[in-house]
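A.B. asks: sequence first, then the predicted structure:
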Amino acid sequence: MNTLTLRRPDDWHVHLRDGALLQAVLPFTARAFARAIIMPNLASPVTTAAAAAAYRDRILAALPAGMSFAPLMTAYLTDDSDPEEIARGHRAGIFTAVKLYPARATTNSAQGVTDISRTYPVLERLQALAIPLLVHGEVTDAAVDVFDREAAFIERVLAPLMRRFPQLRIVLEHITTDEAVDFVAGAGANLAATITAHHLVINRNALFAGGLRPHMYCLPVAKREKHRLTLRRAAVSGNAKFFLGTDTAPHPIPDKERDCGCAGIFTAPAALEIYAQVFAEEQALDRLEAFASLNGPRFYGLPVNEQRITLAARPWRVSAEIPSEAGPLRPFLAGAEIAWRIEE
């Protein structure tokens, strides 16, 4: 197969940042994806409908002329979130979903949830209104090894939460482990998961290949090779509970390479092409459209896109560096050759 035409995909997990970074990175997502779930963890978290609407306006204002793209906004869940504020935002067409960050789990998550029980009034409302809860699935207990935090979250938080709220629609985002794949596959229809491009390509050795590699550092951190292979099997399986979410997370190079550098991998410049390459390697290109374009909209209760996009087996190289007024950015697989490309 030398070309593949599919419905235009959506990205169900995107960090667009704000200001100069937003201006620089938005075109890479908009060129490939019709819609994207926009993460709310700005420096000032997006906790209200007014803040989400203002952020959506800034995104649309930054969209280059001629590009078609719809940002789907999320509310940042805190211990003190107001259920009625989230319900109002949903009714107004502003909030598509609500994002749960355990406090201090990742970038700009200090105001996240410290005690899941404090969010029960919000979760009850989400369940009643069928609003999805998007979960960063890691515990922050310092006694838990960083490579075990996803599995511990499933056992300690997610499983009990699903028993308490059996109709709550939940997306376990950017899964990285055998345990997550098995749990999602074995759960009911109300639980789904996103899988990133980079977790399909790298394992934890990438962090230490010839030295410390800060541009391979993300949260959740990449795991052992056996987990990467399980993720690949899940992605290409045809199981509708798994779908595309890049978790593209740009940071300027100095912020990645400094002491206590930022977590996040900037995949947007080649994300769809990397997924295509993975599916081709797994001899499953016929299943890419479901993973990229169909499963996500169906879980969210949104129409699938009618527009088409074509990928061709024509090698190209990822840029070594992306300029921005906030500082240069290094994309995932910078300088590497990718076997597939989007036909413009």
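C.D. replies: Okay, I see it.

A.B. asks: contacts, neighbours, all on C-alpha from now
C.D. replies: Fine.

A.B. asks: quick check: bridge partners of Asp11?
C.D. replies: Ala36 (DSSP bridges).

A.B. asks: count the neighbours of Tyr120 for me.
C.D. replies: 16 (other Cα atoms under 10 Å).

A.B. asks: is it in a helix, a strand, or coil?
C.D. replies: Of the three states, Tyr120 takes helix under DSSP: H, G, I helix; E, B strand; the rest coil.

A.B. asks: just the helices in this structure please.
C.D. replies: 19-30, 49-62, 83-91, 120-129, 149-153, 159-164, 178-186, 198-201, 225-235, 253-257, 271-281, 288-289, 295-300 (DSSP state H).

A.B. asks: so how far is the fifth one off the chain centroid?
C.D. replies: So the one you mean is helix 149-153. Taking Cα atoms, centre = their mean, to the nearest Å, one finds the center of helix 149-153 at 18 Å from the center of the full chain.

A.B. asks: on that earlier part again, looking at the helices of the chain, which is nearest to Gly211?
C.D. replies: helix 253-257 (12.6 Å; Cα to Cα).

A.B. asks: output the closest one as CSV, restricted to C-alpha atoms.
C.D. replies: Provided in CSV are the C-alpha atoms of helix 253-257 (Å, rounded to 0.1, in the frame of the first residue of the first chain):
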residue,chain,number,x,y,z
ILE,A,253,14.7,23.8,24.5
PRO,A,254,16.2,25.6,27.4
ASP,A,255,13.3,24.5,29.6
LYS,A,256,13.8,20.9,28.6
GLU,A,257,17.5,20.9,29.1
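
A.B. asks: would you mark the buried spots in that helix?
C.D. replies: Within helix 253-257, the residues that count as buried by 16 or more other Cα atoms under 10 Å are Ile253, Asp255, Lys256.

A.B. asks: follow-up on the earlier one: in JSON lines: the helices of the chain, plus distance to Glu138 and mean pLDDT.
C.D. replies: Shown next, in JSON lines, are the helices of the chain (distance: least, Cα to Cα, whole Å; pLDDT from 0 to 100):
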{"stretch": "helix 19-30", "distance to Glu138": "26", "mean pLDDT": "98"}
{"stretch": "helix 49-62", "distance to Glu138": "25", "mean pLDDT": "98"}
{"stretch": "helix 83-91", "distance to Glu138": "24", "mean pLDDT": "98"}
{"stretch": "helix 120-129", "distance to Glu138": "18", "mean pLDDT": "98"}
{"stretch": "helix 149-153", "distance to Glu138": "4", "mean pLDDT": "98"}
{"stretch": "helix 159-164", "distance to Glu138": "13", "mean pLDDT": "98"}
{"stretch": "helix 178-186", "distance to Glu138": "11", "mean pLDDT": "98"}
{"stretch": "helix 198-201", "distance to Glu138": "16", "mean pLDDT": "98"}
{"stretch": "helix 225-235", "distance to Glu138": "16", "mean pLDDT": "98"}
{"stretch": "helix 253-257", "distance to Glu138": "21", "mean pLDDT": "98"}
{"stretch": "helix 271-281", "distance to Glu138": "24", "mean pLDDT": "98"}
{"stretch": "helix 288-289", "distance to Glu138": "28", "mean pLDDT": "98"}
{"stretch": "helix 295-300", "distance to Glu138": "22", "mean pLDDT": "98"}
